[in-house]
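Asks: Structure here, sequence nowhere to be found:
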């Protein structure tokens, strides 16, 4: 019972870390490209988030199972290959949920194959951790990625169009003005990262205070 | 002479007006990491150029096969990633066998550069299949040079992005992201936003 | 012995930072004289509103940070003035305010305010406005057509192409040389009065507020490129004349690239930096998306400045670990 509680608590911590306190995009500067370049409208953001989830979860679980069986130098190449293979069902699934999404996303969809969050989780984290932790981490990272890309996309689309979820703003070619450009995505990410850093600092200060016994 | 000029022009475009790193925001996760290792930067950029060239040439020959059907176009990104993975594995195996010392020293940057190749050449592989060989060579050289320049610039960025007078919340990565954003904005002045 | 690390701009005493800013502000105010004479009080209103926006943004950021508010150095006012000078007179007043907000809230304060900004905040603000609202940024009213200019309301002006836009289209601008010197042509508010800019530059060089070597190498690089690779079919001299006098090139050479915080700290470094910025501005004119690329060129040159410094100091050798991972 205690073990199960500890496991649940630790799984929750791993999930929360991936989602917020150690958000891979805002703290690790990983997977920045889809957010800054692809996430300029909500539709793109949701589609990329789904693709991220459908790709990272099976890939991480797969490498949790087989990662330790292969030599370290072989792993990056094989992770990339597995990512390229698993991209196909992930793209198919995303396209089923939001018809036409993969074609509309264009290269943003294809680039998810080598998203550095996905690859680093599968290459470095998954092989050395147990299944629960890997699943919680993959889900946490997906939530973290989704939160960042959706928030950034919402701000940019609101600025540009004055509303959310417009008819698909199209592929990259149309993101050619103002805040839809990658530079604004970077700047938003900078401010989000500052917020996460501020929140983490507050949290550690509180924890520190709690640890100091009252006289 | 004409070929040389073509190579040079494509390389120049890849570094300036078609800089997909700065104006397109592509591949920055790895640029930032590469900037932490200036010692490896030259070799890292060389690997990127070589892998990009291999991938471009492979994609050049394979893409017409895929272009025959709409369904097969979905395979293009996977195919490019597969080509890069194969190139990495072959290079790693060769180096490990014939030059273990070199592999021990530079093996750690071999896989990031192969993966970065997929990122950096994907836009061209998906959008343009008509790159001639000189264009492909120029693009590969230019991509390596752009990567080198970007990482060089960011190897000095921490001085501006971490100082005692700045708000603590912005110190480090947040300021670095804003720094990249402003620089990306400057490069967008070349393209006005339209990159491809 | 303790070595205290000072922050840029490296001037003789702390008080001279604000005196430097006062000099620059004075020079920028001088630039307003001709537009006010020609077009009434709108230039003054525009400059005032932009400076106010900069000050308000700086105060707001300081309040959020719960830090003491310090506007005494005058740097935010200079930023506001430079932004206003690069706006068209017929721009709506929110445009320079948006540029000012970006300059202060994004390019200045997050990096620790004056002395730490890696990029010239005014250049960042102007570049942001150019990318987000290109139509408003590059539409200039025609000074040849007599039209009433309201002091602060938006107005529909008779528009014309600026000489920079005409050059971008590969044509020769149709302006009298005297009009060019006195700033009677379409262009940014404070960047057209060539004679006044030159006089302001001289004043700043004599006061040692701006470094002449940056401006000189900047102009030399731009001149050489304009002479050897003219964009229009004309003699090298004509090409140089139009390139230097159109757009915001000259203004940029005096007020933007010379920013002591973002420029290299060694003489040779400053020369290289100026030449690089001059080269970049001509590249932006030739290959860029907009008729003016000064702000973009300055930002890229700013990013290169630390590299130029470290290359000259010999602190950067490929092969050194600059810091641990």
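Replies: Received, thanks. In this text the structure is predicted, and so the values were computed from the model without any measurement. Numbers count the residues shown, from 1 in each chain, chains lettered A, B, ... in the order given.

Asks: centroid residue for chain B?
Replies: Centroid check for chain B by C-alpha atoms, centre = their mean gives residue B:120 as the closest residue, at 4.1 Å.

Asks: and the gap between that one and residue B:15?
Replies: Look at residue B:120 and residue B:15: by C-beta to C-beta, to the nearest Å, they are 12 Å apart. Just so you know, the C-beta spots here come from the backbone N, C-alpha and C atoms, and that holds for glycine as well.

Asks: the helices in chain A, which residues?
Replies: Secondary structure of chain A (DSSP state H): helices at A:2-16, A:32-33, A:42-66, A:75-97, A:101-105, A:107-110, A:116-120, A:131-161, A:182-211.

Asks: Briefly note if the second one comes near chain B.
Replies: Yes: counting by C-beta under 8 Å from any C-beta of the partner chain, contacts between helix A:32-33 and chain B involve A:32, A:33.

Asks: helices or strands up against that helix?
Replies: helix B:28-35 (3 or more C-beta pairs under 8 Å, 6 or more residues apart in numbering or on different chains; DSSP states H and E).

Asks: averaged over its residues, what pLDDT does stretch B:34-53 have?
Replies: Regarding stretch B:34-53, the rounded mean pLDDT is 83.

Asks: Give the burial count for residue 102, as a bare number.
Replies: Using chain A. Burial measure for residue A:102: 24 neighbouring residues, criterion other C-beta atoms under 10 Å in any protein chain shown.

Asks: wrong chain, I was asking about chain B
Replies: Residues lying near residue B:102 (other C-beta under 10 Å) number 12.

Asks: any idea how far it is from residue B:50?
Replies: According to C-beta to C-beta, residue B:102 stands 14 Å off from residue B:50.

Asks: what's near enough to touch the closest residue to residue C:145 other than its chain neighbours?
Replies: Nearest residue to residue C:145 in three dimensions, chain neighbours excluded: residue C:158, at 4.5 Å (C-beta to C-beta, 6 or more residues apart in numbering or on different chains). The contact partners of residue C:158, by C-beta atoms under 8 Å, 6 or more residues apart in numbering or on different chains, come to C:141, C:142, C:145, C:147.

Asks: if you set the cut-off to 10 Å instead, what comes out?
Replies: Going by C-beta atoms under 10 Å, 6 or more residues apart in numbering or on different chains, residue C:158 touches C:90, C:141, C:142, C:143, C:144, C:145, C:146, C:147.

Asks: And the next helix or strand past the helix or strand residue C:238 falls within?
Replies: Using DSSP states H and E, residue C:238 maps to helix C:236-245. Once helix C:236-245 ends, the next helix or strand along the chain (criterion: DSSP H and E) is helix C:249-251.

Asks: ok, which residues in chain C are in contact with chain A?
Replies: Residues of chain C lying close to chain A by C-beta under 10 Å from any C-beta of the partner chain are C:102, C:105-107, C:110, C:127-129, C:131-134, C:289.

Asks: mind listing which of these are in helices?
Replies: Members of the residues of chain C next to chain A lying in helices (criterion: DSSP H): C:102, C:127, C:128, C:129, C:131, C:132, C:134.

Asks: And the lowest mean pLDDT element among the helices and strands of chain B?
Replies: Every helix and strand in chain B was compared by mean pLDDT, DSSP states H and E; the lowest is helix B:70-73, with a mean of 65.
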